[in-house]
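Chemist: predicted model follows, preceded by the sequence.
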Amino acid sequence: MNELYSFINSENDEEKYHLIKIAQAHHRFAWIHPFQDGNGRTVRALTYAMLIKYGFQVDLAGRLLNPTAIFCSNRALYYRALSWADTNEKEKMLAWCEYVFKGLSHEIEKVDKLLDYDYLSSNILMKSYMMRKSEK
């Protein structure tokens, strides 16, 4: 844990490596598994804190990215991706990082859509209204 703490708090890495650092820290914490219970919640909180630390926010409405949506939507794929990184092989660690990056990208796209009034109105609000109307 001390090595992970030092890795997370090191300030020597360039900005272009921040997302890789976040992905690696997430994996290493999950691999260490320091608690009997609550490791998943804690590693998601750690990931969330690191996203904030490195400025990965959606600027509109102050909305932040949600690691739970990234890592909990398909638990089987999440555990499989973690196991890739467990091997510590370069290609498999890169596959883990790609999994994290795709999840972040998907979340950013989702938040952008939800913050777009036209999309929200036509694809969610109106559909919901029409469904309720047809139920009556």
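Modeler: Received, thanks.

Chemist: model confidence over the particular helix or strand that has Glu98 in it, on average?
Modeler: Secondary structure assignment for Glu98, by DSSP states H and E: helix 90-115. Averaging pLDDT along helix 90-115 gives 90.

Chemist: so what touches the very next helix or strand once past that helix?
Modeler: Counting by DSSP H and E, the next helix or strand C-terminal to helix 90-115 is helix 117-120. With contact meaning Cβ atoms under 8 Å, 6 or more residues apart in numbering, helix 117-120 is reached by 113-114. Where C-beta positions appear, they are placed from N, C-alpha and C, glycine not excepted.

Chemist: hey, C-alpha coordinates of helix 117-120 in CSV?
Modeler: The C-alpha coordinates for helix 117-120 follow below in CSV (Å, rounded to 0.1, in the frame of the first residue of the first chain):
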residue,chain,number,x,y,z
TYR,A,117,-31.5,20.2,-24.1
ASP,A,118,-32.6,19.1,-27.5
TYR,A,119,-31.5,15.5,-27.0
LEU,A,120,-32.9,15.4,-23.5
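
Chemist: what stretches of the protein score poorly on pLDDT?
Modeler: The model of the chain has pLDDT under 70 over residues 57-64, 136.

Chemist: ranges for the helices of it?
Modeler: 2-9, 18-32, 39-53, 67-72, 75-86, 90-115, 117-120, 126-135 (DSSP state H).

Chemist: got TSV for those helices, with mean neighbour count too?
Modeler: Formatted as TSV, the helices of the chain follow (neighbours: other Cβ atoms under 10 Å):
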stretch	mean neighbour count
helix 2-9	11
helix 18-32	19
helix 39-53	17
helix 67-72	18
helix 75-86	15
helix 90-115	15
helix 117-120	11
helix 126-135	9
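
Chemist: give me every residue that touches the most centrally placed residue in the chain.
Modeler: Central residue of the chain (Cα atoms, centre = their mean): Pro67, 3.3 Å from the mean position. Pro67 makes contact with 26, 44, 47-48, 51 under the criterion Cβ under 8 Å, 6+ apart.

Chemist: can I get these in a markdown table with distance to Met126?
Modeler: Formatted as a markdown table, the contacts of Pro67 follow (distance: Cβ to Cβ, whole Å):
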| residue | distance to Met126 |
| --- | --- |
| His26 | 38 |
| Arg44 | 33 |
| Thr47 | 35 |
| Tyr48 | 32 |
| Leu51 | 32 |
